[in-house]
Every structure is written in structure tokens, then in C-alpha cells.
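**Student:** I would like to see how this sequence folds:
(one chain, ligands or ions: 1)
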Amino acid sequence: MPRMPRTAKEETIDENKIQLDPKKYIVSKTDTKGIIEYGNDYFTEISGYTNAELLGQPHNIIRHPDMPKIIFKLLWDRIKDGKNIYAVIKNLSKDGKYYWVITETEPNFDALTNKPESYIAYRKAASDKVIKEIEPLYQKLLEIEKSSGMEGSQKYLSGFLNEKGVTYDKYIAKVIGIAGIKKVFFNTMKRIFKKNKHKI
Ligand SMILES: Cc1cc2nc3c(=O)[nH]c(=O)nc-3n(C[C@H](O)[C@H](O)[C@H](O)COP(=O)(O)O)c2cc1C
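**Tutor:** As a prediction, this is how the structure comes out:
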């Protein structure tokens, strides 16, 4: 059967979207200020930057303008508090393309003070289903941020979650299906990464 011609809009979207390998993971590590200290090979490959260009740079080097600020506030509040957080993030590559990931970010603790001394993020490709669920919410949050700042988006997000009767964690777990196979995937990649940690 002949394929339906795609609209110009769809062409543009497809051209800019980086298709991630669902079997690979993207790992990066930062200091407590979010300065990149390490990125695995897939991180450099997908971001389009060299290792030298990434190391020492703030992690917002790959921040996509479509991402609402409130999501990063949630992330930072959580990890500074010594806890991990899952998030769906749209990232920007050096050449202006984008890629969606499911991310778990967690602190590493200083053995003496027991305070976070660095942070690590583990990521894998977000499916189209996950993107379809999260994108309209992010668009709404961003729109609100443009008109009434992060206070507005925070309020909207609280209302959105209250209406569903869930916490952020419960909501995101449902969106990404973390209870099942994904959890196993993250735990596996963490084990592999931690085993090789001495190489960083
Ligand atoms: C370990 C770690 C990984 C991060 N990964 C990303 C990322 O993949 N993309 C991103 O935009 N921000 C990431 N951030 C958040 C950035 O530090 C930053 O808060 C975000 O890009 C928003 O930039 P802004 O604070 O300048 O608005 C990460 C932070 C940490 C601690």
C-alpha cells in the first residue's frame, strides 16, 4: 500500500528527533552545583558534544527550551534532600535536535558527612506513549511559566496531581511504568555503572 504523504509539520518534527537505542543508557554525573564531571560514551554521542566540551560545563548545556522550569525545581529539591527522583526530560543536542528520556537522578553521599557530594542521572529512551502522555502537561506548564512564572506552574501541577489523587512520584511511576520492567532496567544499569565507577 502506498504511504500517505506526511505533512510539512511532521517532517520537521521527525527531522529533529533523535531516535535513541532502547537498549542503551545515558549516564552523567555532576558535582553538587550541576557541573558535569562525567558522561558515558552514549551521552557524548547523543548530545553531539565531545567529552572535553561537556566536562566542566553546567548540565543545562543540553536543556531544551520546551522543558518547564518546575520539573527541574522538583529534581533539584529532591536530590539536594538526598533522595532520588524519576522524570521525563526532553533534551537538546548540540546541533539543535532533541531526544526524550526517562531519567532517574540520585545523590552520591559523602561517607563522612553523609551529605550529597555528587549526583548521577541514568537515562533511557522514552517511548512515544510516554512522550504523548507528558508533552501536553509540559506544554501547559511552560505556557503558564511564560505568563505567570514558576509559582503559577507549581500551582497548576499541584492541582493536576490533586485532581488525579496522586503524588508526583505516583503519577510519574504510572506514566513510565516503573513498577515493572523499567525498574529492573534501571537497577541493572546502575549495577553496571557502579561496578565500573573506579574508571571515572
Ligand atoms: C545529575 C544531573 C543530571 C541532569 N540532567 C539534565 C538533563 O539531562 N537535561 C537537563 O536539561 N537538565 C539536567 N539537569 C538539570 C540541570 O542542572 C538544570 O537544572 C536544568 O537544565 C535547568 O537549567 P536552568 O537551571 O539553567 O534553568 C541535571 C542535573 C543533575 C544534577
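
**Student:** what stretches of this structure score poorly on pLDDT?
**Tutor:** The chain contains residues with pLDDT under 70 at 1-14, 178-184, 197-200.

**Student:** Where do the helices of it begin and end?
**Tutor:** Using DSSP state H, the helices assigned to the chain run over residues 8-16, 41-47, 51-54, 69-80, 128-164, 168-176, 183-195.

**Student:** Output the contacting helices and strands for the longest one.
**Tutor:** Packed against helix 128-164, as judged by 3 or more C-beta pairs under 8 Å, 6 or more residues apart in numbering; DSSP states H and E, are the following elements: helix 69-80, strand 85-92, strand 98-109, helix 168-176. Quick note: C-beta positions are derived from backbone N, CA and C, even for glycine.

**Student:** if we go to 6 Å?
**Tutor:** Identification of packing neighbours for helix 128-164 by 3 or more C-beta pairs under 6 Å, 6 or more residues apart in numbering; DSSP states H and E yields helix 69-80, helix 168-176.

**Student:** To Leu112, which of the helices of the chain lies closest?
**Tutor:** Minimum separation from Leu112 across the helices of the chain (C-beta to C-beta) falls at helix 69-80, 18.2 Å.

**Student:** Hey, what's the angle from the closest one to strand 98-109? Just curious.
**Tutor:** Helix 69-80 runs at 20 degrees relative to strand 98-109, counting by axes from the mean of the first three to the mean of the last three C-alpha atoms, to 10 degrees.

**Student:** Helix 69-80 near the ligand at all?
**Tutor:** Yes: using C-beta under 6 Å from any ligand atom, we find that helix 69-80 touches the ligand at 69, 72.

**Student:** Buried residues, that helix. List them.
**Tutor:** Along helix 69-80, these residues count as buried under the neighbour rule (16 or more other C-beta atoms under 10 Å): 70-72, 74-75, 78-79.

**Student:** Now do it: which elements does it pack against?
**Tutor:** In terms of contact count using 3+ C-beta pairs under 6 Å, 6+ apart, helix 69-80 is assigned the packing partners strand 85-92, strand 98-109, helix 128-164.

**Student:** now that helix against strand 85-92, angle please.
**Tutor:** Taking the same axes, to 10 degrees, one finds that helix 69-80 is oriented at 130 degrees with respect to strand 85-92.

**Student:** outside of helix 69-80, which residues touch it?
**Tutor:** The set of residues that contact helix 69-80 without belonging to it, under C-beta atoms under 6 Å, 6 or more residues apart in numbering, is 85, 87, 105, 107, 119, 141, 145, 150, 153-154, 157.

**Student:** which residue ends up closest to the midpoint of the protein in space?
**Tutor:** The centre of the chain sits closest to Ile89, judged by C-alpha atoms, centre = their mean, with a distance of 3.3 Å.
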